[in-house]
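*Asks:* predicted model and sequence follow; I will ask about them next.
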Amino acid sequence: MSEQSTPRNTEAAAPVHDVAVLGGGSFGTAMAKVLGENGHRVHFWMRGKAQAEEIRSTRINSRYMPGIELTGDIQPTTDLADAVSKAEIVFVAIPSKAFRAVIRENSDKFRDEQIVISLTKGIEEHGFKLMSEILQEEIPRCRTGVLSGPNLAGEIVNRDLTATVIAAKDPDVRRSVQDLLGCEYFRVYANVDVYGVELAGALKNIYAIVAGLASALEMGENAKAMLITRGLAEMSRFAVSLGANPMTFMGLAGVGDLIVTCTSSKSRNFRVGYAVGQGQKLDDAVAELGQVAEGIYTLKLVKQKAEAIGIYMPLVRGLYEILYDNASIKAVINSLMMSVQNSDVEFILPRTISQ
Ligand SMILES: NC(=O)C1=CN([C@@H]2O[C@H](COP(=O)(O)OP(=O)(O)OC[C@H]3O[C@@H](n4cnc5c(N)ncnc54)[C@H](OP(=O)(O)O)[C@@H]3O)[C@@H](O)[C@H]2O)C=CC1
Ligand SMILES: O=C(CO)COP(=O)(O)O
């Protein structure tokens, strides 16, 4: 596909491609909008007939993106087979809990060598699988990749300047996604560390919840910086132990996404943490949100995994105790502050092993 595409910023009209976006939530809508504005034909699949009909007739996805008009050739559909069969590239924005089921149920609809990109930032409960691993298991004939970065959907649909990362082993996959999505408000950087980019996107949701909690408790700016930086240390320690490249965490998918979700109430994970910090029960906070906050599931899985492989993750443990063990927030903070004072950057000065 990339051979046919024109370099950016040329006068020549860019070729129109058929693409599919699976998932009619906030992020699926944001990516469909970018692709539509870039002149591509977007087969936009969602499971709700009423939602598809609404978008077809009003050009607005009122539940997930109220007031945002979807211009360009965006064709909402509830026929996944039809969307996938027409597409050169498929983007998947389905929450992690439903990701495998949707792909598996439709695995025979994908073509050999078709490019399939995960937009989902989560981990599967059984087996600690990332979405790219699920794609490889369910549709091994396809070429796969992952898009992740500081990408609040609500800003992208307003054409606010944004950058993201496409991670794929295959250079043609990377180039194709850059060509399809890149435009004057959306820049797509490339990485080959698929596992690191994907894990960064999933892990940062946990620290966004922590940051929301700290914000509700008015802990101050120093505390915010401490939490973001120690969150970065903790998530990179964990990811590196699983084979990710530590340098990936210096990039947009790591530190970039951590900054945006830990400092903005536009992040759903941040908002869940904020609500809990204000005394709301977790279930009520999630119900009120009405959208997915992947971090609450990722937290459980990462705590379990970290314990199983012996990785020190005090923020994960502390947040878990608050959300799931009814621990007092004050007691958890006190225990974190009074734990052993250790190395700042452990890739320079190794930690003293004392949990
Ligand atoms: N929003 C954002 O800013 C960003 C989100 N992401 C990631 O994208 C993924 C999707 O998030 P987002 O779009 O924001 O989530 P939303 O909560 O906004 O929407 C979820 C979407 O998934 C659909 N869905 C849920 N269960 C199923 C199922 N079993 N089968 C088919 N469709 C289903 C919902 O359909 P229905 O309405 O019918 O329930 C809805 O369209 C998440 O992993 C998130 O972390 C990544 C970057 C940015
Ligand atoms: O991943 C995101 C921005 O990069 C979206 O974060 P939330 O899911 O917390 O809204």
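*Replies:* All right, it came through fine. Ligands and ions are numbered 1, 2, ... in the order given.
*Asks:* assign a three-state SS to Asn334, would you?
*Replies:* helix (DSSP: H, G, I helix; E, B strand; the rest coil).
*Asks:* can you pull out the helices in the stretch 1-150 of the chain?
*Replies:* Using DSSP state H, counting those that start in this stretch, the helices found in the stretch 1-150 of the chain span residues 26-37, 49-58, 80-86, 96-105, 131-138.
*Asks:* need the winner for burial among the ones you listed.
*Replies:* Of all the helices of the stretch 1-150 of the chain, helix 26-37 carries the top mean neighbour count, a mean of 25, counting by mean count of other Cβ atoms under 10 Å. Backbone N, C-alpha and C define where each C-beta goes, glycine included.
*Asks:* touching ligand 1 at all, that one?
*Replies:* Yes: judged by Cβ under 6 Å from any ligand atom, helix 26-37 comes into contact with ligand 1 at Ser26, Phe27, Gly28.
*Asks:* same check, this time on stretch 276-296
*Replies:* Yes: using Cβ under 6 Å from any ligand atom, stretch 276-296 reaches ligand 1 at Gln291, Val292, Glu294.
*Asks:* the second one: neighbour count?
*Replies:* If I follow you right, that is Val292. As a burial measure, Val292 scores 23 neighbours (other Cβ atoms under 10 Å).
*Asks:* mind listing what it touches?
*Replies:* Shown in contact with Val292 (Cβ atoms under 8 Å, 6 or more residues apart in numbering): Gly25, Pro95, Arg268.
*Asks:* so which of the residues of helix 26-37 next to ligand 1 comes closest to Leu161?
*Replies:* Using Cβ to Cβ, Phe27 is the member of the residues of helix 26-37 next to ligand 1 that sits closest to Leu161, with 17.5 Å.
*Asks:* does the closest one touch Ala93 like I think?
*Replies:* Yes: applying Cβ atoms under 8 Å as the test, Phe27 and Ala93 come out as touching, 4.6 Å apart.
*Asks:* overlap in contacts of the two?
*Replies:* By Cβ under 8 Å, 6+ apart, Phe27 and Ala93 have these common neighbours: Leu119.
*Asks:* what parts of this protein come near ligand 1?
*Replies:* For the chain, the residues in contact with ligand 1 (Cβ under 6 Å from any ligand atom) are 23-28, 46-48, 64, 93-96, 98, 102, 119-122, 151-153, 291-292, 294.
*Asks:* give me the buried subset of the residues you listed.
*Replies:* Neighbour counting over those (16 or more other Cβ atoms under 10 Å) leaves 23-28, 46, 64, 93-96, 102, 119-122, 151-153, 292, 294 as the buried ones.
*Asks:* check contacts around whatever residue of the stretch 101-250 of the chain ends up closest to ligand 2.
*Replies:* Ranking the residues of the stretch 101-250 of the chain by distance to ligand 2 (Cβ to the nearest ligand atom) places Asn151 first, at 4.3 Å. Neighbouring residues of Asn151 by Cβ under 8 Å, 6+ apart: Phe27, Ala30, Thr162, Thr164, Asp257, Val260.
*Asks:* excluding its backbone neighbours, what's nearest Val240?
*Replies:* Once flanking residues are discounted, Val240 sits nearest to Pro246: 5.1 Å by Cβ to Cβ, 6 or more residues apart in numbering.
*Asks:* and the gap between the one you found and ligand 1?
*Replies:* Remark: distance between Pro246 and ligand 1 (Cβ to the nearest ligand atom, to the nearest Å) = 23 Å.
*Asks:* contact partners for that residue?
*Replies:* Each residue near Pro246 by Cβ under 8 Å, 6+ apart is listed here: Ser236, Ala239, Val240, Phe347.
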